[in-house]
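Q: generate a structure from the sequence data that follows.
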Amino acid sequence: MSRSAAVAPPGCSVGICWLVCFKGTQCFTSDPDMCQYSTTCPPFSKCENIPGGYHCTCKRGFASSSGKEHFTHPTVKCIVDRCQYSTTCPPFSTCENISGGYHCTCKHGFVSSSGEKNFTDPKVKCFGEYWLWSPAK
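A: Have a look, this model is predicted:
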């Protein structure tokens, strides 16, 4: 699905908008409603207008391909969050969503039992480096 550029609404031009406030009442702004366009945010996300712009947030069960909770960059996608469960990767590792899946990486000071830096095999464990290099007694 491609995204089209939003057209500036009346009162805005080249990113400049106006704000009118009446003493003791409310303010009116020409700040554009970017969420009115269905292509502003990617599928599986929600759009939220904020002062001066908008941001997208992936829906529950999805994570942004940028790793950031809120985003506006048009190439960011919402991918299935395979890291939402703490049991996806073994203890002493971190889980990272990647396009088309995920991978686990052992934390600093730990190495994988497979010898691979990134892995998805549920049988792989992370061991402290000292377990592998300590002299036998």
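Q: what sits against the residue nearest the centre of the chain?
A: Centroid-nearest residue in the chain, with C-alpha atoms, centre = their mean: S64, separated by 2.8 Å. Residues near S64 by C-beta atoms under 8 Å, 6 or more residues apart in numbering: 45, 56, 58, 71, 76-79. From N, CA and C alone the C-beta is placed, and that goes for glycine too.
Q: in the sheet, who's paired with it?
A: C78 (DSSP bridges).
Q: so where's the chain shaky on pLDDT?
A: The model of the chain has pLDDT under 70 over residues 1-31, 130-137.
Q: distance of P32 relative to C47?
A: 12 Å (C-beta to C-beta, to the nearest Å).
Q: tell me, what's touching the two both at once?
A: With C-beta under 8 Å, 6+ apart, P32 and C47 have no common neighbours.
Q: contact partners for K46?
A: By C-beta under 8 Å, 6+ apart, the neighbours of K46 are 56-57, 59.
Q: okay, and the beta partners of it?
A: T57.
Q: then G128?
A: F110.
Q: swap in H103?
A: E96.
Q: does it really touch T94, like I thought?
A: No. The pair H103 / T94 is not scored as a contact, 9.5 Å apart, by C-beta atoms under 8 Å.
Q: quick one: which of those two has more around it?
A: H103 (19 against 13; other C-beta atoms under 10 Å).
Q: now the more buried one: how far from T57?
A: Taken as C-beta to C-beta, the span from H103 to T57 is 24 Å.
Q: what of K117?
A: 30 Å.
Q: repeat that for S64.
A: In terms of C-beta to C-beta, S64 sits 8 Å off from T57.
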